[in-house]
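J.: Build the 3D model from these lines:
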Amino acid sequence: MRRFLTPLRSAAAVVTTTAMITSALLTTSATAQTPLPVNWDFATGALGSFLFPGTPPPGADNFGCRPTATHPDPVILVNGTFANQDDNWQAASPLLANHGYCVFTFNYGGTGVVTSTGDIAVSAQQLAAFVTQVRNATGAAKVDLVGHSQGGMMPRYYLKFLGGAQYVRTLVGLAPSNHGTTLDGLTSLAHTLNLIGLVNSAISPLCTACAEQEAGSPFLANLNAGGDTVPGVSYTVIESRDDEVVTPYTSAFLSGPGVTNITVQDQCPLDQTDHVEIAADPVALADVLNALDPAAPVQVPCLLVLPVTGPVGPVPQF
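T.: I've put the predicted structure just below:
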């Protein structure tokens, strides 16, 4: 009898174990396929995550993520001045993860809830180290970079001066400070009144990156000397006519081979996105997806988008 029951028990154990594994796999698969919520309202996303700079946004920093054949390059999101990895990317990170990308974020240029204020050349070195970390973890030969404001400009220093071009396929800038800002003419006025030195001596100790992003700064003159781009990298700039930080808004745009410049209002006149909301704007983020994977473009939506607070009404799925 015992000889008869033992095989039955063994068979039952195998069946039970198989069922448990199958259930776990199905649960994991279902969880992976459940879309992450995307917060299109930059204000609420930033306010809710501002105090947690060490917490990655939804969908980011899974160092066990392995890129797929469809999306072989991990995407590194680079936040803007005064922001951090969490509050800047409550929309882009889950959206990219939902589309099957391995997504990564990091903080640079300072510590605490407010980052990205340090010397931009040093911040570019921190980006270089993080690119190496992501490539080593994922096994990817190259990465894609998506940056907002300073985060769209700073990587160009990495590409041009730190050998980053061999490790980057695409750089996408959302309202990047590529040629600096006049701050609606305030820096020009300070130059006219010969006060710019005094102003910068007060600003630089608190935010070196702020002074370096003024139009005509020595940092930007060095960055843009000899051309805006380097060979081998694809560049996309996405900007709004209503940008109140990078002024004039056209200073965000790049020139040279491999460059695509997009003004969101040319696609959707209803879009009133400003400098901060563009990082969560569904119109702009559809452009990001298309820049990363032009072979499989999504439909760019057109809807009313308000400054800071985002879309009015539901956002179509894309």
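J.: all strands for the stretch 51-200 of the chain, in order.
T.: For the stretch 51-200 of the chain, the strands defined by DSSP state E, counting those that start in this stretch cover 75-78, 103-105, 143-148, 168-174.
J.: Of all these, which one is nearest Pro56?
T.: strand 103-105 (5.3 Å; C-beta to C-beta). For the C-beta atoms, the positions are set from N, CA and C on the backbone; glycine is no exception.
J.: ok, residues contacting the closest one?
T.: 56-57, 59-62, 65, 74-77, 79, 85-86, 89, 93, 96-97, 130, 134 (C-beta atoms under 8 Å, 6 or more residues apart in numbering).
J.: would you list the strands of the stretch 51-200 of the chain in a markdown table and tack on distance to Ser49?
T.: Putting the strands of the stretch 51-200 of the chain into a markdown table (distance: least, C-beta to C-beta, whole Å) gives the following:
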| stretch | distance to Ser49 |
| --- | --- |
| strand 75-78 | 13 |
| strand 103-105 | 11 |
| strand 143-148 | 14 |
| strand 168-174 | 18 |
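J.: Put together a markdown table for those strands, with mean neighbour count and mean pLDDT on each row.
T.: Formatted as a markdown table, the entries for these read as follows, by neighbours: other C-beta atoms under 10 Å; pLDDT from 0 to 100:
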| stretch | mean neighbour count | mean pLDDT |
| --- | --- | --- |
| strand 75-78 | 27 | 99 |
| strand 103-105 | 25 | 98 |
| strand 143-148 | 27 | 98 |
| strand 168-174 | 26 | 98 |
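J.: Which one, of the ones you listed, ends up nearest to Asp228?
T.: Checking these against Asp228 by C-beta to C-beta gives strand 168-174 as the closest, at 10.9 Å.
J.: Okay, now the unreliable bits of this protein?
T.: Using pLDDT under 70 as the threshold, the predicted model of the chain has low-confidence ranges 1-33, 184-205.
J.: For it, which segments are assigned as helices?
T.: Ranges of helices within the chain are 2-33, 42-49, 92-98, 120-138, 150-161, 186-192, 196-203, 208-212, 218-224, 264-267, 282-292, based on DSSP state H.
J.: before we move on, back to that, and the contacts of strand 103-105, which of them are buried?
T.: Among the contacts of strand 103-105, the ones that count as buried by 16 or more other C-beta atoms under 10 Å are 56-57, 59-61, 65, 74-77, 79, 85-86, 89, 93, 96-97, 130, 134.
J.: From Gly110, how far out is the nearest residue in space to Ala91 that is not next to it in sequence?
T.: Once its chain neighbours are removed from consideration, Ala91 has its nearest residue in Ala280; the separation is 3.7 Å (C-beta to C-beta, 6 or more residues apart in numbering). Using C-beta to C-beta, to the nearest Å, one gets 22 Å for the distance from Ala280 to Gly110.
J.: Tell me which of those two has more neighbours.
T.: The residue with the greater number of neighbours, taking Ala280 and Gly110 and applying other C-beta atoms under 10 Å, is Ala280; the counts read 31 against 19.
J.: Can you spell out the domain ranges of this protein, please?
T.: As assigned by automatic domain parsing, the chain contains the domains 1-34, 40-311.
J.: any idea which of the ones you listed is most buried?
T.: Per-residue neighbour counts averaged over each of the domains of the chain give the maximum for domain 40-311, namely a mean of 20 (mean count of other C-beta atoms under 10 Å).
J.: Nothing else from me, thank you.
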